[in-house]
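take a look and give me a structure for this.
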Amino acid sequence: MNVRVKPVRWQGSDEAIRAVQVAFDVEEAVLEAVRTAAFEQHVSTSDQIRQLLGLATTSKPKRPRLTVSLSGADYEFLARRYGLAADDRLAIKERATRDLIAFASGGKKGAGAGKPGRK
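Coordinates of the predicted model:
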C-alpha cells in the first residue's frame, strides 16, 4: 500500500476536518443578541458563540468578506440584470461586489431592486 505524505500546508487541517458544526435552535431575541454582540465586537457569529461558551477562538485576523449561496437560477438572474453571460461567474461576482460597495457608500443602488422574490 502506498501512503502519501500530506503537504506541510495541509497538515494543520486535520483537526478542522474532524470538527462538527452545531446548530442552536433558539428564539429570535437570542439570535439578534448574539449577532449584535458579534457585530459590535467585529467578530464572526461563530467566534462570538465560542467566546460566550468560554471556548478558544483563533487570534489570526480573518479577511473581511460577505458570503451568499447562489444557485444556477440566481446566476441567470444576475447575468440578465448585469447584461452578462450566465457562465461568466467572475464578472457577475465583480458587478455584485460593486453593488455591495455602492450600498455601503450610501448609494443603496440595487438594494432589493428587481429581486426575484423569496422562495
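
for the spatially most central residue of the chain, give me the pLDDT.
By CA atoms, centre = their mean, the chain has its centre lying nearest to residue 67, at 2.6 Å. For residue 67, the pLDDT comes out at 86.

now it: how far from residue 44?
11 Å (CB to CB, to the nearest Å). For glycine as for every other residue, the C-beta is placed from the backbone atoms N, C-alpha and C.

can you tell me the SS state at the residue nearest to the centre of the chain?
Assigned by DSSP: H, G, I helix; E, B strand; the rest coil, the conformation of residue 67 is coil.

against residue 54, how distant is it?
Distance, residue 67 to residue 54, using CB to CB: 27 Å.

also residue 41?
16 Å.

counting neighbours, go ahead and name the busier of the two.
Per other CB atoms under 10 Å, whichever of residue 41 and residue 54 has more neighbours is residue 41, with 11 against 6.

nearest residue to the more buried one in space, please, no chain neighbours.
Counting by CB to CB, 6 or more residues apart in numbering, the nearest residue to residue 41 once its immediate chain neighbours are dropped is residue 48, at 6.7 Å.

who does the helix or strand hosting residue 35 touch, helix- and strand-wise?
For residue 35, the host element (DSSP states H and E) is helix 28-41. For helix 28-41, the elements it packs on are helix 45-52, judged by 3 or more CB pairs under 8 Å, 6 or more residues apart in numbering; DSSP states H and E.

can you tell me what sits against stretch 70-84?
Outside stretch 70-84, the residues within contact range by CB atoms under 8 Å, 6 or more residues apart in numbering are 85-89, 91-92, 95-96, 114, 116.

buried set for it?
Neighbour counts over stretch 70-84 (16 or more other CB atoms under 10 Å) mark 75, 77-79, 81-82, 84 as buried.

so which residues of the protein form helices?
Assigned by DSSP state H, the helices in the chain fall at 8-11, 14-18, 28-41, 45-52, 72-82, 89-104.

tell me which helix or strand in the protein has the weakest average pLDDT.
In the chain, no helix or strand scores lower on mean pLDDT, DSSP states H and E than helix 14-18, which sits at a mean of 67.

ok, for residue 35, nearest residue in space, not its chain neighbours?
residue 45 (5.8 Å).
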